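**Q** sharing a model that was predicted from the sequence below.
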Amino acid sequence: MSATIANQVTHVIRSDKELREYTEDLLMLSAKAHPTRVEQDLIELLTVLIEHYEAEHHPIPDASPIEVLQYLMEQNGLRQRDLVPQLGSEANVSLILSGKRSLTKEHIAKLSDRFHVSPASFF
């Protein structure tokens, strides 16, 4: 799997189509419980390439991870309970949205997948 991805990552991202493809690869690698060293390097490389493209083509104003999550919820007409599958429980969602608990890597991977955004959006 990762060798295939490594062979595809041969240049900077040049289109939104490539952005989607690289983001899918990043999500797939990030979801692995125990990525190999090569996969960890690919995660880092893909993150840099995605951040570079998004900064140039889809700049996002500075916002905290919670502000990003609240914006995505608002744009998608979601309530706290709608995020239970990604964040674990309504209590956990409430703690995260109030800033009393931070998002974990697992939360970020699940939220990125749900909202079809780069994990970098939450950093």
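**A** Here it is on my side, so go on.
**Q** tell me who's in contact with residue 103.
**A** 65, 69, 96, 111, 122 (CB atoms under 8 Å, 6 or more residues apart in numbering). Where C-beta positions appear, they are placed from N, C-alpha and C, glycine not excepted.
**Q** what about 6 Å?
**A** 65, 122 (CB atoms under 6 Å, 6 or more residues apart in numbering).
**Q** what pLDDT does the model give it?
**A** Listed pLDDT for residue 103 reads 95.
**Q** give the helix, strand or coil label for it.
**A** Here residue 103 is recorded as coil under DSSP: H, G, I helix; E, B strand; the rest coil.
**Q** report the buried residues of stretch 63-70.
**A** 65, 68, 69 (16 or more other CB atoms under 10 Å).
**Q** got the CA positions of stretch 30-42 in CSV?
**A** The C-alpha coordinates for stretch 30-42 follow below in CSV (Å, rounded to 0.1, in the frame of the first residue of the first chain):
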residue,chain,number,x,y,z
SER,A,30,-3.1,8.3,9.5
ALA,A,31,-5.8,5.8,10.4
LYS,A,32,-3.3,3.0,10.8
ALA,A,33,-2.7,2.0,14.4
HIS,A,34,1.0,1.2,13.9
PRO,A,35,2.4,2.9,10.7
THR,A,36,5.8,1.8,9.6
ARG,A,37,8.7,4.3,9.4
VAL,A,38,8.1,4.7,5.7
GLU,A,39,4.4,5.4,6.3
GLN,A,40,5.3,7.9,9.0
ASP,A,41,7.5,9.7,6.5
LEU,A,42,4.7,9.7,3.9
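**Q** what is the rounded mean pLDDT of that stretch?
**A** Stretch 30-42 comes out at a mean pLDDT of 92.
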